[in-house]
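>>> Predicted coordinates and the sequence they were generated for:
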Amino acid sequence: MTSSEPTPLWDLPEPPRSTPEPKATPAKKPARKPRSTKGRQTPAPELPVAKIAVDIPLAHLDRTFDYQVPEKLHESAVPGCRVRVRFAGQLVDGYLIERTDTTEYERKLAYLERVTSSEPVLPPALHAVCRSVADRYAGTLSDVLRLALPPRHAKTEAEPPAEPAPTPPAPDVSAWARYQRGEAFLEAVTEGGPANAVWQALPGEDWPRRLAEAAATAASQGRGAVLVVPDHRDLTRVHDACIELVGEQGVAALIAGLGPAERYRRWLSVLRGAVRVVVGTRAAMFAPVKDPGLFVVWDDGDDLHLDPHAPYPHVRDVLMDRAHATKSAFLVGGFARTAEAQLLVESGWAQQIQADRTELRAAAPRVTPVGEDFDVARDEAARVARLPAVAFEAARQAFAAGLPALVQVPRRGYVPGLSCGQCRTPAHCRRCAGPLALPGGSVDGAPRPPACRWCGVPETAFRCPACGSVRLRAVVVGAKRTAEELGRAFPGVPVRTSGATEVLATVPGRPALVVCTPGAEPVAEGGYGAALLLDGWALLGRQDLRAAEETLRRWMAAGALVRPAASGGRVVVGAEAGLPVVQALVRWDPGWHASQELEQRRELGFPPAMRMASVEGRPAAVASVLDDLPLPETGEVLGPVPLGDFDDEGNAERERALVRVARRDGRALATVVRDAVARRDARKAVEPVRVQLDPLDLI
């Protein structure tokens, strides 16, 4: 090996080994101080787990979540109280549903942040009702709680609770003897047993007094009563009648229009048991009365009983659930009757409370349709005249007797639709029995044919099932007020109006023309001498599932304010005498009309014989829900059909689809719709979808 070659690594000499220096012994570390326990929370000694319903309106979060109750909140964290918890990194409101010993959550539980108020505003009975309503209408508990619980007012909550009102004496209920099963129903209320009834009030009946007597009967036994009426005028009358029988301290009026403090004060008086009788509009349907004995809804056909906020509950259904859950009495009252109330009677769930024909004939006014033969023979234009001679005669007779006359004019804004050009029968789809309408626009220069507003199928060969005509005509929308015309026709008679801008509660019992829109009829002192119901064709021709039912309800509400026929009371209705709704008014038999209406809906597959769900939103959003919707065995999808405006490319901006099932599958329909919306929320879909069960505006 030459010197120029590198020396291999294994031939290199080892470096000299140095003796290692001895390692220094490290000094002992000081003992670590124990961590401070300041700020650490310990669980409550008893029932340390709280189940919280968070106030988040997302369907996939509609359940309770477990939290740890700290020891410092052990006393104040009571079931039903308002709390604040940390959820997904944010502080949110919630309600403590119950406290338990264990939890199924395998990880460490977060602690309650604080108790907003120890007032148990959500007792178990109210929570059960809200949960049931949410399940029925495919909604969330959070949405229902917003309707059931008023906003908290801390200053009002700190006020000392009011003393319970004294128990009132049993009222005189002899006036209920005019009705079959009337006294038996009040006996059941007295005994505290479950009793369900549909009450058909007589014309001219002092119905606020009758409802007050029923409420006082329950209060005299130490039980609560909830009376729900459509509007403020009815509320005032019922509230005054209840005060006379129960006392001012024992009655609370709950309406959404009250100020925050007063509304919360009255609601707390009901919750704490100081008030037994609650009267109100739809805001009172969740009133937390203690030991309830009676639930009443008056005029359940009024659309004001349907809450416009999600999940869109109806007062009648909510009170039915409450009465069934608490084994209390339930009463549906009114001058007319809805198909839903008739279904309760025919199913045997409720009994009829109505007077016999002798009492009815003595109380009802004389009803004259403007198409009777003797009227036509005397006035050839009676069929088409807006105010024929018979109507003028009835008004003059009322003025001669020193009484006012009521004139009911349909309000504006009805949805235009199509009817037969010869007999004016509403036009329906041959496939699903939905309403026909003109979609607008053109195809290849020709107008689009009529199409169904439910399933969207065009109708190119219409033939009226009633008369065989192939012609269609548009239904005229609304009618103008006739106050000026009537003022010129009856010089010297004052004309008063009652409508949207100014609704009169009462009018004096002297000659006057009172022109009003449906639902705004003031009560006349001593009753009206006559009622003129104009433009009945405009009411009956509306493209609405409940057009006939709603027309009869409005006519009977006006006719009930007229004196009996024996005292000269007369009702002139501007409609053909042969129509079923007119015959029901002439005979004053809303039960017969409701049974006919229910039978027709069974044949056509309409609610309440069927259950329906409406899915409304942008086309892509509606399609996503329908694609993820496992239908029950009897399920059927109608549509979707376009709603409202179209974009520049001719596509609908909003669509609506209807899902129809048999009534026995109604609960299953609500479940699958809610689950589909929950899965959509879990995917964080951006476009909103409106879901409504059994909507009133199907058309």
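Yes, it's here.

>>> Give me the average confidence score over stretch 438-448.
Per-region confidence: stretch 438-448 scores 67 on mean pLDDT.

>>> let's have the chain start at 36 instead
Right, with 36 as the first residue, what we last looked at is stretch 473-483.

>>> Distance across it, terminal residue to terminal residue?
According to C-alpha to C-alpha, to the nearest Å, stretch 473-483 extends 7 Å from its N-terminal end residue to its C-terminal end residue.

>>> Could you pull out the strands in the stretch 136-285 of the chain for me?
Remark: strands of the stretch 136-285 of the chain, listed N- to C-terminal, are 149-152, 214-215, 231-235, 259-263; assignment by DSSP state E, counting those that start in this stretch.

>>> Including mean neighbour count, could those go into a markdown table?
C-beta here means a position set from N, CA and C on the backbone, and glycine is covered the same way. Supplementary listing: the strands of the stretch 136-285 of the chain in a markdown table, determined by neighbours: other C-beta atoms under 10 Å:
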| stretch | mean neighbour count |
| --- | --- |
| strand 149-152 | 16 |
| strand 214-215 | 18 |
| strand 231-235 | 25 |
| strand 259-263 | 29 |
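
>>> So for Arg622, which of those strands sits nearest?
If you check each of the strands of the stretch 136-285 of the chain against Arg622 by C-beta to C-beta, strand 231-235 wins as the nearest, at 12.7 Å.

>>> looking at it, Val444 is touching Leu569, isn't it?
Yes: with the criterion set as C-beta atoms under 8 Å, Val444 and Leu569 qualify as a contacting pair; they are 5.4 Å apart.

>>> hey, where'd the strands end up in the stretch 286-435 of the chain?
286-289, 312-315, 327-333, 364-369, 386-390, 401-404.

>>> could those go into a markdown table alongside mean neighbour count, distance to Thr99 and mean pLDDT?
Formatted as a markdown table, the entries for those read as follows, by neighbours: other C-beta atoms under 10 Å; distance: least, C-beta to C-beta, whole Å; pLDDT from 0 to 100:
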| stretch | mean neighbour count | distance to Thr99 | mean pLDDT |
| --- | --- | --- | --- |
| strand 286-289 | 24 | 28 | 95 |
| strand 312-315 | 28 | 28 | 96 |
| strand 327-333 | 27 | 25 | 96 |
| strand 364-369 | 25 | 30 | 96 |
| strand 386-390 | 20 | 39 | 95 |
| strand 401-404 | 21 | 56 | 91 |
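
>>> would TSV of those strands with distance to Gln125 be doable?
Converted to TSV, those look like this (distance: least, C-beta to C-beta, whole Å):
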stretch	distance to Gln125
strand 286-289	32
strand 312-315	35
strand 327-333	37
strand 364-369	42
strand 386-390	52
strand 401-404	63
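
>>> so where does the residue lying closest to Ile132 once chain neighbours are set aside fall, helix or strand?
Take Ile132 and drop its neighbours on the chain: the residue closest to it by C-beta to C-beta, 6 or more residues apart in numbering is Lys86, 4.7 Å away. Here Lys86 sits within strand 84-89, counting by DSSP states H and E.

>>> With Arg695 instead?
strand 687-697.

>>> Okay, buried residues for that strand please.
Residues of strand 687-697 classed as buried under the neighbour-count rule (16 or more other C-beta atoms under 10 Å) are Ala687, Arg689, Glu690, Arg691, Ala692, Leu693, Val694, Arg695, Val696, Ala697.

>>> quick one: the fifth one and Glu671 touch, right?
No: with contacts counted by C-beta under 8 Å, Ala692 stays clear of Glu671, the gap being 10.8 Å.

>>> Kindly provide the distance from the nearest residue to Val607 once chain neighbours are set aside to Leu620.
Residue nearest to Val607 in three dimensions, not counting chain neighbours: Ala426, with 4.6 Å by C-beta to C-beta, 6+ apart. Using C-beta to C-beta, to the nearest Å, one gets 15 Å for the distance from Ala426 to Leu620.

>>> can you check Arg483 too?
As judged by C-beta to C-beta, Arg483 and Leu620 stand 38 Å apart.

>>> neighbour-wise, which of those two wins?
Leu620 (26 against 12; other C-beta atoms under 10 Å).

>>> show me the contacts for the more buried one.
Counting by C-beta atoms under 8 Å, 6 or more residues apart in numbering, Leu620 touches Val402, Leu587, Trp590, Met591, Gly594, Val606, Val608.

>>> now swap in Leu354 and tell me
Taking C-beta under 8 Å, 6+ apart as the criterion, Leu354 is in contact with Val261, Val263, Met320, Phe330, Val331, Val332, Phe365.

>>> Quick check, the fourth one in contact with Arg357.
Yes: under the criterion of C-beta under 8 Å, Phe330 is in contact with Arg357, at a separation of 5.8 Å.

>>> what do the two both touch?
Common neighbours of Phe330 and Arg357 (C-beta under 8 Å, 6+ apart) are Val261, Ser363.

>>> which ones are touching Ser111?
Contacts were defined as C-beta under 8 Å, 6+ apart; by that measure Ser111 touches Val150, Ser153.

>>> what about it, which helix or strand?
Counting by DSSP H and E, no helix or strand carries Ser111.

>>> before we move on, back to that, what would the buried residues of strand 687-697 look like in TSV with distance to Ser167 and pLDDT?
Below are the buried residues of strand 687-697 laid out as TSV (distance: C-beta to C-beta, whole Å; pLDDT from 0 to 100):
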residue	distance to Ser167	pLDDT
Ala687	36	71
Arg689	31	87
Glu690	31	89
Arg691	27	91
Ala692	26	92
Leu693	24	92
Val694	21	94
Arg695	23	93
Val696	19	94
Ala697	21	93
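
>>> Just give me the closest of these to Glu198.
The nearest member of the buried residues of strand 687-697 to Glu198, counting by C-beta to C-beta, is Val696 at 51.0 Å.

>>> Which positions are bridged to that closest one in the beta structure?
Residues found in beta-bridge contact with Val696 (criterion: DSSP bridges) are Arg646.

>>> Mind listing residues that contact the strand holding Arg695?
489, 640, 645-654, 657, 661, 664, 666-667, 669-682, 703-704, 708, 733.

>>> where in the chain is pLDDT low?
Applying pLDDT under 70 to the predicted model, the residue ranges of the chain that meet it are 36-74, 406-423, 446-452, 475-481, 509-520, 535, 578, 680-685, 733-734.
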